[in-house]
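Colleague: generate coordinates for the sequence data below:
(one chain, ligands or ions: 1)
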Amino acid sequence: MCKAPFEGHGQGLYQGERGDMRDDNFSRQLRASGQLVNVTLERVLASQRMPDEVRAVLRYTLESPGKRVRSVLVLWCCELLCGRVNRDAEIAAAALEMVHTYSLVHDDLPAMDNDDLRRGLPSCHKAFDEATAILGGDALLTLAFEILASRIGEAPVAVRLIRQLAEDAGANGMIAGQLADLEAERVAGSEALLEYIHTNKTAKMFRCAAAMGGICGGGEDSEVARLCEYGLKVGLGFQIADDMLDVSAGSKELGKTAGKDARAAKCTYPSVFGMEASRRCAEKLADEAVGILEPFGAKAENLRRLAKALLNRAR
Ligand code: GRG
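Modeller: Coordinates of the predicted model:
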């Protein structure tokens with residue numbers, strides 16, 4: 001498999017809390033973990049049987065330079081609880097990245113957000129066609145569950161991971177949030193609606209990442225529950241930052257079409273509260289996420305840094 005597309009991961013994404021800290025230890029670990037996700041995705045794809053046409057669309061979508069934030073969260077939450085990134089966490093991270101990628105492929109379709117640009121490249125339906133993008137998304141979603149069912153060491157762990165992913169990505173999670181988001185273009189935004197959309201569309205996938213990492217790390221239920229709380233806060237903050245970037249950044253930096261939320265009259269934090277209040281809200285969420293990690297002590301330092309860094313990202 002061609003390595004070049006995966007290798008672009010993670011460069012210059014985060015400015016750090018005090019300006020330019022892109023080469024500090026945290027940033028290096030973030031890049032290394034992103035690379036581990038890429039290598040796992042590459043290995044999984046190479047070892048799955050599928051027709052060349054399907055493989056081409058999966059490679060196109062999975063090799064594009066995503067930030068790998070959710071999948072890195074899986075790895076780091078596992079490491080927090082068992083001291084290392086184990087094989088189960090690598091597979092869980094790859095599965096989560098597949099589901100996230102499917103959601104982007106489908107979100108870009110003309111029936112949804114209708115966007116031609118994703119991760120700086122033509123969206124899947126532009127590079128191929130609409131039917132292929134629908135089927136490619138479907139293939140990513142089903143492959144995620146297949147690898148959890150077949151490649152996780154112990155069946156009870158696999159079942160817990162499958163259940164968590166199905167709950168957070170499914171009918172009462174990301175799909176519910178996406179539907180509410182599409183409907184919200186026709187109604188006046190309110191704080192309650194915003195929170196509902198962002199929690200379901202975005203934050204639950206972050207919760208899922210944290211929970212899957214905790215499960216792979218063999219955590220106690222109370223530890224996994226704590227990581228879930230952290231994931232929800234970080235995910236909500238991430239989405240607020242995303243809404244703010246849509247206002248303040250350009251399409252080239254973002255790798256996707258900027259300014260679309262305002263044009264579609266979307267219900268976003270900046271549209272309901274303004275930019276300054278949105279920033280304060282995101283900062284408060286990051287502080288709360290950091291507070292939740294307190295019982296884990298110094299070993300949660302990377303997760304603390306991540307909660308802050310996601311607010312200061314450039315894309
Ligand atoms: C189609 C079921 C379905 C859901 C779509 C993910 C999503 C839900 C919509 C994409 C649009 C959007 C702004 C979603 C909010 C979550 C979000 C910010 C996604 C982009 O995540 P990043 O920035 O993307 O981590 P990369 O490309 O870095 O992986």
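
Colleague: list the helices and strands the host helix or strand of residue 237 packs on?
Modeller: Assigned by DSSP states H and E, residue 237 falls within helix 221-248. Judged by 3 or more CB pairs under 8 Å, 6 or more residues apart in numbering; DSSP states H and E, the packing partners of helix 221-248 are helix 69-82, helix 191-198, helix 204-216, helix 260-263, helix 269-273, helix 275-292, helix 301-309. In this view, the C-beta of every residue, glycine as well, is placed from N, C-alpha and C.

Colleague: the ones you listed into TSV, with extra columns for mean neighbour count and mean pLDDT?
Modeller: Shown next, in TSV, are the helices and strands packed on helix 221-248 (neighbours: other CB atoms under 10 Å; pLDDT from 0 to 100):
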stretch	mean neighbour count	mean pLDDT
helix 69-82	26	98
helix 191-198	17	92
helix 204-216	29	98
helix 260-263	13	70
helix 269-273	20	88
helix 275-292	17	95
helix 301-309	21	96
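
Colleague: and the ligand, which of those helices is closest to it?
Modeller: When the helices and strands packed on helix 221-248 are compared by CB to the nearest ligand atom, helix 69-82 sits nearest the ligand, at 4.9 Å.

Colleague: quick check: next helix or strand after that closest one?
Modeller: helix 87-107.

Colleague: got the contact list for stretch 299-310?
Modeller: 14-17, 26, 29-30, 69, 72-73, 76-77, 80, 230, 233-234, 237-238, 241, 286, 289-290, 293, 296 (CB atoms under 8 Å, 6 or more residues apart in numbering).

Colleague: same thing but 7 Å
Modeller: 14, 16-17, 26, 29, 69, 76, 80, 230, 234, 237-238, 241, 286, 289-290, 293 (CB atoms under 7 Å, 6 or more residues apart in numbering).

Colleague: tell me the phi and psi of residue 110?
Modeller: When read as degrees, to the nearest 10, the backbone of residue 110 gives phi -50, psi -30.

Colleague: for the nearest residue to it once chain neighbours are set aside, report the pLDDT, please.
Modeller: Using CB to CB, 6 or more residues apart in numbering and skipping residues adjacent in sequence, the residue nearest residue 110 is residue 130, 6.8 Å away. The model reports residue 130 with a pLDDT of 98.

Colleague: residue 193: what's it in contact with?
Modeller: 184, 267.

Colleague: switch the cut-off to 8 Å
Modeller: 180, 184, 187, 267.

Colleague: the first one: how many residues sit nearby?
Modeller: Burial of residue 180, expressed as a neighbour count using other CB atoms under 10 Å, amounts to 17.

Colleague: which ones are touching it?
Modeller: Contact analysis of residue 180 by CB under 8 Å, 6+ apart lists 193, 196-197, 200-201.
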